[in-house]
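Asks: Have a look; sequence and predicted model below, questions after that.
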Amino acid sequence: MMGYFSNATEGDFWESDNCAKCHHNGTGEDDPLCPVMAAHMLYAYEMCNEHENPAKIILDLLIPRNKNELGNAKCAMFKPRHGVTDRHLKDWDKYKQIMAEMGR
């Protein structure tokens with residue numbers, strides 16, 4: 001099942017966790033919209049019940065549903081802006097904690 005947004009608010013929240021933090025999404029007003037989000041905005045409603053359609057299969061791959069089918073998973077094309085991931089941040093916090101303990 002492809003990413004499906006029951007309303008604009010749900011789509012906005014997902015976009016803020018994905019497209020807004022992604023290298024592929026432009027940051028300027030005149031920059032293009034995230035291509036994955038653009039494809040979903042253009043075709044998701046039309047394709048949501050077309051299970052064998054190649055376009056539906058591609059949309060399913062780009063924004064998959066969560067395993068529990070409640071909401072959407074991370075975009076398959078997500079690339080963190082500036083290359084910093086949540087794991088990098090957690091590792092940095094661990095490093096700072098270890099260094100602070102060593103300095104005592």
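Replies: Cool, the structure landed.
Asks: Quick one: distance of stretch 25-40 to the chain centre.
Replies: Distance, stretch centre to chain centre, for stretch 25-40: 12 Å (C-alpha atoms, centre = their mean, to the nearest Å).
Asks: Any chance you could list what contacts that stretch?
Replies: 2-3, 5, 15, 18-19, 22, 24, 41, 58-59, 62-63, 75-77 (C-beta atoms under 8 Å, 6 or more residues apart in numbering). C-betas here are computed from N, CA, C, even on glycine.
Asks: Please identify the buried residues of that stretch?
Replies: Buried residues in stretch 25-40, counted by 16 or more other C-beta atoms under 10 Å: 25, 34, 36-37, 39-40.
Asks: filter the contacts of stretch 25-40 to the buried ones?
Replies: 2-3, 5, 15, 18-19, 22, 24, 59, 62-63, 75, 77.
Asks: Just put those residues in CSV and tack on pLDDT and distance to V84.
Replies: CSV is the format used below for the buried ones among the contacts of stretch 25-40 (pLDDT from 0 to 100; distance: C-beta to C-beta, whole Å):
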residue, pLDDT, distance to V84
M2, 57, 28
G3, 67, 24
F5, 78, 27
E15, 86, 19
N18, 88, 15
C19, 86, 16
C22, 88, 12
H24, 83, 15
L59, 90, 28
L62, 92, 23
I63, 90, 22
C75, 92, 17
M77, 92, 17
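Asks: got a list of what M47 touches?
Replies: So M47 contacts 2, 53, 55-56, 59 (C-beta under 8 Å, 6+ apart).
Asks: can I get the CA coordinates of the lengthiest helix in the chain in PDB?
Replies: Secondary structure of the chain per DSSP state H: the longest helix is helix 86-102. Taking C-alpha atoms only, helix 86-102 is exported to PDB below (Å, rounded to 0.1, in the frame of the first residue of the first chain):
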ATOM      1  CA  ASP A  86      19.600  10.800  13.700                       C
ATOM      2  CA  ARG A  87      22.300   8.100  14.400                       C
ATOM      3  CA  HIS A  88      25.000  10.700  13.800                       C
ATOM      4  CA  LEU A  89      23.400  12.900  16.400                       C
ATOM      5  CA  LYS A  90      23.000  10.100  18.900                       C
ATOM      6  CA  ASP A  91      26.700   9.100  18.400                       C
ATOM      7  CA  TRP A  92      27.800  12.700  18.900                       C
ATOM      8  CA  ASP A  93      25.800  12.900  22.200                       C
ATOM      9  CA  LYS A  94      27.500   9.600  23.400                       C
ATOM     10  CA  TYR A  95      30.900  11.000  22.400                       C
ATOM     11  CA  LYS A  96      30.300  14.200  24.300                       C
ATOM     12  CA  GLN A  97      29.100  12.300  27.400                       C
ATOM     13  CA  ILE A  98      32.200  10.000  27.300                       C
ATOM     14  CA  MET A  99      34.500  13.000  26.900                       C
ATOM     15  CA  ALA A 100      32.900  14.800  29.800                       C
ATOM     16  CA  GLU A 101      33.300  11.700  32.000                       C
ATOM     17  CA  MET A 102      37.000  11.400  31.100                       C
END
